[in-house]
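> model this:
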Amino acid sequence: MNKIDRVPELAAGGPRIERGQDGLPAKVYLSAREGQGLDLLRAALAERLAATQAPAPSQDDEEGPRSAAEADEAGNLAASYPRADRIRL
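All right, here's what the predicted structure looks like:
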């Protein structure tokens, strides 16, 4: 939600992150013009991106695709990135 500086009710609350039911950032209230909340936007984007990343396989894991391209070729990209469908920017 940009332009909080133009709506008194939003400006009173200041820059902030609202989280969804999954605990991840859902909304970021900011004012790009005033530069308020941009750090929160960066943090929210980083947190959502990190939540979608599949953990790196350990050496003990069975052999699987080594890259997104290999996974896509094998037809199992969604399995390699199980939360990719939840990215909302």
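> pLDDT weak spots in this protein?
Residues of the chain meeting the criterion pLDDT under 70: 54, 56-89.
> where exactly do the helices run in it?
8-13, 38-52, 68-74, 77-80 (DSSP state H).
> Return the set of buried residues in the first one.
Right, helix 8-13. Buried residues in helix 8-13, defined by neighbour count with 16 or more other C-beta atoms under 10 Å: Leu10, Ala11. In this view, the C-beta of every residue, glycine as well, is placed from N, C-alpha and C.
> Run through the residues that contact Asp5.
Asp5 is in contact with Ala11, Ser31, Arg33, Glu34, Gln36, counting by C-beta atoms under 8 Å, 6 or more residues apart in numbering.
> biggest separation within those residues, which pair?
For those, the farthest-apart pair by C-beta to C-beta is Ala11 and Arg33; their separation is 11.7 Å.
> ok so, going back, can you add distance to Thr52 and give the contacts of Asp5 back as CSV?
Shown next, in CSV, are the contacts of Asp5 (distance: C-beta to C-beta, whole Å):
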residue, distance to Thr52
Ala11, 32
Ser31, 27
Arg33, 30
Glu34, 30
Gln36, 27
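> Domain map for this protein?
As assigned by automatic domain parsing, the chain contains the domains 1-52, 55-89.
> Please determine how far the residue lying closest to Ile17 once chain neighbours are set aside is located from Leu45.
Nearest residue to Ile17 in three dimensions, chain neighbours excluded: Pro25, at 4.9 Å (C-beta to C-beta, 6 or more residues apart in numbering). Using C-beta to C-beta, to the nearest Å, we find Pro25 at a distance of 8 Å from Leu45.
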